[in-house]
Structure formats: C-alpha cells, structure tokens
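S.K.: what follows is a predicted protein model with its sequence.
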Amino acid sequence: MKNLAVDPPSVSSRRSFLQKGIAAGAVGIGVGFTLLEESSSLLADVSKETGGSLTKGDAALLRFAAAAEILESDFWLQYNELGGIQDKEVPGGSGNPVYTAKLKNLDEDFDQYIHDNTDDEISHFTFLNAYLESRGAAGVNLDQFRTLQGSTATGVNQELIGKRLTNLTQLTLDTSWWTRYRSSNHNPDLDPAFKFPQAVPDLHKGQFTAIPRNDADLSPDAHIQAIANTAGFHMPTIEQGGTSLYPSMAQRATSVEVLRILISIGPTETMHFQTWSDKAGAAVSPPLAPLTDPTNGLTFPDLNSPPFGGELFQTNLIMPEPCPFLTRKLPKCSIIRPTNTNGVATGVVKFLTSMGLFIGQSKEFFELLLDLAAEADAATRECD
Ligand SMILES: [Fe+2]
Ligand SMILES: [Fe+2]
C-alpha cells in the first residue's frame, strides 16, 4: 500500500517554508522569474494531465531536489551578475568587466556558459516546485533565508545586496573529484575510506572567495585571476555533486514519472560538470598556471608538470576513466561515481556546508535543510 503524501511531513515549524501555491515557488530569486499569472491556469491543466498523488517518499525526493536547485540558482545568479551574459533571460546584474575578462582567460565562452547554467538551475527548481504542487504536494520556498551580504563589486544587482542565500566568498573546496574520475582502481562506493588526491590542495585548506567581494578585489592582476580560478574550480565541484545526487535519489523513486524527472534533470547536471571540468583545466595548465595569489598565497599548480602529470592529473583527460562498479568481480566500467543511494541527501547538505557555501546562515536554515534531507533519505521504492 502506498504511503500517500498530499501534505508535507509532520514537523509543523516547517510549514511556513513549504508552500502550496505555485506562485510562491516561482518568486524565488526575487526578480524577473515570476510565472505567477500564467502559471495559475497552467496548474489546473497539469493536474488534469498527471492526476494521482505522490507517495510521501517521491514527494520528499523531489522536495529535496527543489531545495538544492534553489540554492544552486542563488549562487549561479551571483556568478551571472558579475561574470555572465546580461539579458532578459537571466536579468539583474550589469557585469564586472575585470572579473569577466579573467574568467574568459579560462575559456572565451565562459560568460555564455555561466548564463546558460544559471538559466538551467532556475528552470529546475521552478519545474520541481510546480510539479510537486500540481500533484497536491508542497513545494519549497527559502525566501526568508535570503539574508547574506554577497558581493558589492561593480556589476551586482544592487537590489539583492544583503539578500543572498549562499556565500561565495569563504569557500573551502574539495577538488578530489578531479582524481576520483581519473582513477581506474578506486570507486568511492567500493572504497569509502580511500582518499582521492586533491587537484588544488590549497583550495581544500583555507577559505577563498570565488567572486570579487568589492572593487578592491579587482587588483592586483594575479589576485583577481586567482578568484576567477577559484570560481573555475567551484563550478565543477558543485556540478559533480548534482551529477551523483540525481542517480542516487532515482534508485528510491516509486512512480515512473518521478523516476523520469530525476533521470532527466540529473544528466543536465552532468553536462554542466563536464563543461566546467574542462574549463577548470585551463586554470591548472600553462599559460595561466602556475599562479600564486600575492595577497594570500593560494597557488594553482601546473597539473601537467612534475610532481603532477600522468593519468591522475593531466588536464585534457576529461572523460571518466573506467573503474570498478558494483563489485570488483565484474569488468571495469566508465560510470558516474558515487551513486550509493544511502544517506545521499544528508551527505549533500554536509558537503555544501563544509564547502562554506552557507557561512552566515541561521540555525533554522540548517534545521530545515537537514529535515528535508532526512525525509528524502527515508524514501524507499514502493511496489504497487
Ligand atoms: Fe540543477
Ligand atoms: Fe547544476
């Protein structure tokens, strides 16, 4: 018998963050993304098409995904305001020419990719919330946590200063995905204790900004380049997380439609990851690398030269290396990893928290996020 969840789970303090109306779900970012009027009538049509209620587990999986996508949208928008393409599809900023030029040292199309990644994330949370609500389940609204300062540098949306959800200025990045995807002998699902080497060890030690915090960060040259390089590593670090999250959660979906949603959004995260992992390579190869930020010593090594180089570090190796999968008795296979489903949502919250992405957020914020994660992790695949 399916455990139907028309309403969100029991914790009453959470109700104010969960929403019934599609309107609230679409407000999210604060400017320009309102679907409000069009969507009310759309909602009625969608209900007719889909019908039926979600299981409690399916609703929890999609709700956690929606929360993660709102958080992603928030920081991608910060990147876009400063270093992306400014247009009506992703409005709000006016661009920072110095930062944008440094990002373009990694790839001349960097601003376009930032723009398109931002557009994708906004569409992800907007769709997930609308879908949940079309099925009588609550969506997610994190607007009350939009309290962080963010950048005040030239180019940001002045209206959103002090209204950010995420913090891009004190990041500690685990760059071990670089060697995890190049390793042919280790898979984190089979070797949970194995420590994959870091690509940029310094990024894993201190706290670094991925955006200019204000115009004083725009010089000296090596400082703002190091900030752009930090963004160049933050982007794939985030997107490899989404690349694992969706297939991990999909294994516990009950309805085929929810499974379809998870396995259709998930690979777009992988497309983001693949693109950004290629761009990150430019930050750790000549002519940009090696580079040291004179203000804090953060160093981006040349990963093609000793003591780096070889299959674990070479910068043009951007396809996943085949590795053990499920069991070492079977042949190696080129796969996304990890995809172990147990505790994945809680693991993602811990991963983003230790990255520093939420520094400055309130106790209530972490409680809500961990609550949503625990409910997603409790979802089980149910049979009819
Ligand atoms: Fe996304
Ligand atoms: Fe993403």
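M.R.: It's in. Ligands and ions are numbered 1, 2, ... in the order given.
S.K.: what's the closest non-adjacent residue to Met162?
M.R.: Careful, residue 162 is Gly; it's not Met. Ranked by Cβ to Cβ, 6 or more residues apart in numbering and with sequence neighbours excluded, the top spatial neighbour of Gly162 is Gln149, at 5.6 Å. Every C-beta, even on glycine, is put in place using the N, C-alpha and C of the backbone.
S.K.: wait, I meant Phe75
M.R.: Nearest one to Phe75, counting by Cβ to Cβ, 6+ apart, is Thr166 at 4.3 Å.
S.K.: quick one: least confident helix or strand in this protein?
M.R.: Taking mean pLDDT, DSSP states H and E as the measure, the helix or strand of the chain with the lowest value is helix 22-27, at a mean of 37.
S.K.: what residues does the protein have near ligand 1?
M.R.: Glu69, Glu121, His124 (Cβ under 5 Å from the ion).
S.K.: ok, the first one to Glu121 distance?
M.R.: Glu69 sits 6 Å away from Glu121, taking Cβ to Cβ, to the nearest Å as the criterion.
S.K.: shared neighbours of these two, anything?
M.R.: Common neighbours of Glu69 and Glu121 (criterion: Cβ atoms under 8 Å, 6 or more residues apart in numbering): none identified.
S.K.: can you give me the helices for the stretch 201-350 of the chain?
M.R.: Counting by DSSP state H, counting those that start in this stretch, the stretch 201-350 of the chain has these helices, from start to end: 221-250, 256-283, 344-354.
S.K.: mind listing what Arg252 touches?
M.R.: Gly57, Leu61, Thr341, Ala379, Thr380, Arg381.
S.K.: narrow the residues you listed to just the buried residues.
M.R.: Burial by neighbour count, 16 or more other Cβ atoms under 10 Å: within the contacts of Arg252 this picks out Gly57, Leu61, Thr341, Ala379.
S.K.: helices - which of these land there?
M.R.: Gly57, Leu61 (DSSP state H).
S.K.: what's the most distant pair in the buried ones among the contacts of Arg252?
M.R.: The largest separation in those, counting by Cβ to Cβ, is between Gly57 and Thr341 at 11.9 Å.
S.K.: pLDDT score assigned to the nearest residue to Arg328 once chain neighbours are set aside?
M.R.: Spatially, and ignoring its direct neighbours in sequence, Arg328 is nearest to Leu190 (6.9 Å; Cβ to Cβ, 6+ apart). Each residue has a pLDDT score; the one for Leu190 is 97.
S.K.: Leu190: how many residues sit nearby?
M.R.: Per other Cβ atoms under 10 Å, the neighbour tally for Leu190 reads 17.
S.K.: residue numbers of the stretch 151-300 of the chain in contact with ligand 2?
M.R.: Near ligand 2, when you scan the stretch 151-300 of the chain using Cβ under 5 Å from the ion, you find Gly242, Glu269, His272.
S.K.: for the second one, list the residues it contacts.
M.R.: The neighbourhood of Glu269, defined by Cβ under 8 Å, 6+ apart, consists of Glu239, Gly242, Thr243, Leu245, Tyr246.
S.K.: and the gap between it and Pro201?
M.R.: For Glu269 relative to Pro201 (Cβ to Cβ), the value is 26 Å.
S.K.: ok, now the last one?
M.R.: Distance check for His272 against Pro201: by Cβ to Cβ, it reads 24 Å.
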